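Peer 1: Fold the stuff below for me.
(one chain, ligands or ions: 2)
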Amino acid sequence: MGIARLDPELTCEITLENLFERREGQRVLTCLQCGTCAATCPYGEQMDYPARRIISMMRAGLLDEVYASDSLLACVACYACKAKCPRKIDLTGVLLPLIKEQVLLRRRDLPAELQKALETTLRYGNPMGETSRKREAWIKDAGVPVRTFHSDPRPADVLWFVECYDSYYPRGQKIAQATARVFHALGIDFAILGNEEKCAGECGRLSWETGLSNTLMEYNMAILGKYQFNRIVTSGPHAYDAFKYRYPVIGFRYPLEHTLTLLAQHLDRLKPLLIKKLDYTVTYHDSCCLSRHNSFYEEPRALLNAIPGVRLVEMTHNRINTLCCGGGGGGMWLDTYYKAKGYERLSERRIKEALATGANVLAIACDYEFSRFEDALKVVGGDKQMVVRDITELLDESMER
Ligand code: SF4
Ligand code: SF4
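Peer 2: Ligands and ions are numbered 1, 2, ... in the order given. Model prediction:
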């Protein structure tokens, strides 16, 4: 992880112009036209140009037809096509964002909801349009001290990058507060950027706007450079992706962890603290970024299995076969567009599968998912049977104090 595993391919920007000089571009040339990518895509049937057709149009010099289509608005950046491609072509991380960017440059008629989220993120540093002064407001109710680097710039072991939804969204703030309490109980020496932090920028890139992503990355890198710490830990799988795969282009070299991978490393010290029995049947939703993009399949399950009383049951689609919540690649801000098109909401498809397990808790590990799944539970009438809880909330609840 971090410096040791840094891939030299990640330290240079890949563009459509230099694509075929790079390893990823050369992989695109090996496409078999097998159609696995289209078959595995949750919205493959809705796309005029799934990944297979984009590559065939590229080979035929007909990309202008692809650019003129709104086909890729249905791409929720779920990494399923990348994970299943027999040629290991990085469709989600490289090829599709490059094509989306060209669509945006030509059309500039994105659905209003997505356009507003991108503009708001550029202006305020978060998609909710909240002032930066409120970004650390959640810490006053955390119940434990949470240090901000700007108020106390002493070095820390961990710089915890909280991200937007856990900083501002009321339900996300509860998760941030639970995470702070778990860190505290483990004696982790951490500090946050607080009001100095801005969106890490991954969804800006995966949802068409590379310029926005680059602006946010440069801002955050400058802030990170002000402070001393040994590693960055983030609770956002999309932020994790940004730091691992995008920030190296502009010099990011810090060791990196997701909150759950950090906690899993402390499992021996964590277990004796988990003393309250939770009588829950839990099913865990593998987030696309944490699971099939970064292969963190076992760490969340090890943490859940360490909680006394928890009975873990699996959904039909789990680990590499997980079903996307529909929030990536701009999907967070495209629900109205998808509804108008008559597409099934992916969060509702997934919640029906979660309910079918008989579980009464859906455990999550992504800052996008609580709002999507809590809403989907209400829509399908499952909110009396099941609640949505972040894994850190379950750990915190079991640490009876
Ligand atoms: S799965 Fe891979 S090899 Fe098969 S058509 Fe899609 S991009 Fe080409
Ligand atoms: S990343 Fe997911 S949604 Fe996008 S094209 Fe691939 S399979 Fe479809």
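
Peer 1: show me where pLDDT drops low in the stretch 251-400 of the chain?
Peer 2: The stretch 251-400 of the chain contains no residues with pLDDT under 70.

Peer 1: Using just helix, strand and coil, how would you label the residue nearest the centre of the chain?
Peer 2: The centroid of the chain falls nearest to His238 when counting by CA atoms, centre = their mean (2.8 Å). Secondary structure for His238, judged by DSSP: H, G, I helix; E, B strand; the rest coil, is helix.

Peer 1: Point out the residues in the stretch 251-400 of the chain that sit beside ligand 1.
Peer 2: Proximity of the stretch 251-400 of the chain to ligand 1 (CB under 6 Å from any ligand atom) involves no residue at all. Every residue, glycine included, has its C-beta placed from N, CA and C.

Peer 1: which residue ranges form the helices in the stretch 251-400 of the chain?
Peer 2: For the stretch 251-400 of the chain, helices defined by DSSP state H, counting those that start in this stretch occupy the ranges 259-265, 267-270, 298-305, 335-341, 346-356, 369-380, 391-398.

Peer 1: Out of those, flag the one nearest ligand 2.
Peer 2: helix 346-356 (9.0 Å; CB to the nearest ligand atom).

Peer 1: before we move on, back to that, not counting sequence-adjacent ones, nearest residue to the residue nearest to the centre of the chain?
Peer 2: Counting by CB to CB, 6 or more residues apart in numbering, the nearest residue to His238 once its immediate chain neighbours are dropped is Glu202, at 4.3 Å.

Peer 1: which ones are touching that neighbour?
Peer 2: By CB atoms under 8 Å, 6 or more residues apart in numbering, the residues touching Glu202 are 213, 238-239, 241-242, 246.

Peer 1: out of these, which is most surrounded?
Peer 2: Comparing the contacts of Glu202 by number of neighbours (other CB atoms under 10 Å), His238 comes first, having 30 neighbours.

Peer 1: ok, that residue - contacts?
Peer 2: For His238, the contact set (CB under 8 Å, 6+ apart) comprises 163, 200, 202-203, 206, 289, 328, 366-368.

Peer 1: out of those residues, which touch ligand 2?
Peer 2: Of the contacts of His238, not one also sits near ligand 2 (CB under 6 Å from any ligand atom).

Peer 1: Could you dump the helices of the stretch 251-400 of the chain into a markdown table and include mean neighbour count?
Peer 2: Formatted as a markdown table, the helices of the stretch 251-400 of the chain follow (neighbours: other CB atoms under 10 Å):
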| stretch | mean neighbour count |
| --- | --- |
| helix 259-265 | 21 |
| helix 267-270 | 14 |
| helix 298-305 | 19 |
| helix 335-341 | 15 |
| helix 346-356 | 20 |
| helix 369-380 | 20 |
| helix 391-398 | 22 |
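
Peer 1: So for Ile54, which of those helices sits nearest?
Peer 2: helix 335-341 (19.5 Å; CB to CB).

Peer 1: name the helices or strands packed onto the closest one?
Peer 2: Applying 3 or more CB pairs under 8 Å, 6 or more residues apart in numbering; DSSP states H and E, one finds that helix 335-341 contacts helix 112-124.

Peer 1: If we go by neighbour counts, what in the helix it packs on is buried?
Peer 2: 114-115, 117-118, 120-122, 124 (16 or more other CB atoms under 10 Å).

Peer 1: what subset of those is also close to ligand 2?
Peer 2: Within those, nothing lies near ligand 2 by CB under 6 Å from any ligand atom.

Peer 1: now, which of those sits nearest Lys339?
Peer 2: Nearest to Lys339 out of the buried residues of helix 112-124 is Leu114 (CB to CB; 13.6 Å).

Peer 1: what's the spacing between the closest one and Cys164?
Peer 2: Counting by CB to CB, to the nearest Å, the separation of Leu114 from Cys164 is 16 Å.

Peer 1: now the one helix or strand Trp160 maps to: mean pLDDT?
Peer 2: Using DSSP states H and E, Trp160 sits in strand 156-161. What strand 156-161 shows for mean pLDDT is 98.

Peer 1: Can you list the buried residues in that strand?
Peer 2: 156, 158-161.

Peer 1: what mean pLDDT would you report for the helix or strand that it is followed by?
Peer 2: Sequence-wise, the next helix or strand downstream of strand 156-161 (DSSP H and E) is helix 164-168. Mean per-residue pLDDT for helix 164-168: 96.

Peer 1: Show me how far the helix or strand following helix 164-168 is from its chain's centre.
Peer 2: Downstream of helix 164-168, the first helix or strand assigned by DSSP H and E is helix 170-185. Relative to its parent chain, helix 170-185 has a centroid offset of 18 Å by CA atoms, centre = their mean, to the nearest Å.

Peer 1: Can you name the next helix or strand after helix 170-185?
Peer 2: Assignment by DSSP H and E places the next element after helix 170-185 at strand 190-192.

Peer 1: which outside residues touch that next one?
Peer 2: 136, 139, 146-149, 152, 156-162, 183, 227, 229, 233.

Peer 1: now do stretch 35-50
Peer 2: Stretch 35-50 has contacts (CB under 8 Å, 6+ apart) with 51-53, 57, 65-66, 69, 71-72, 74-76, 78, 80-81, 83-86, 91, 323-324, 326, 341, 343, 346, 349.

Peer 1: Quick check, Cys289 in contact with Gly328.
Peer 2: Yes. Cys289 is within contact range of Gly328, at 7.3 Å (criterion: CB atoms under 8 Å).

Peer 1: Can you name the residues that contact Asn214?
Peer 2: By CB under 8 Å, 6+ apart, Asn214 lies in contact with Gly201.

Peer 1: Tell me what angle the stretch of helix or strand it belongs to forms with strand 156-161.
Peer 2: Assessed by DSSP H and E, Asn214 sits inside helix 210-224. Angle of helix 210-224 versus strand 156-161, following axes from the mean of the first three to the mean of the last three CA atoms, to 10 degrees, is 160 degrees.

Peer 1: Okay, buried residues for helix 210-224 please.
Peer 2: For helix 210-224, the neighbour count (16+ other CB under 10 Å) marks 210, 212-217, 219-220, 224 as buried.
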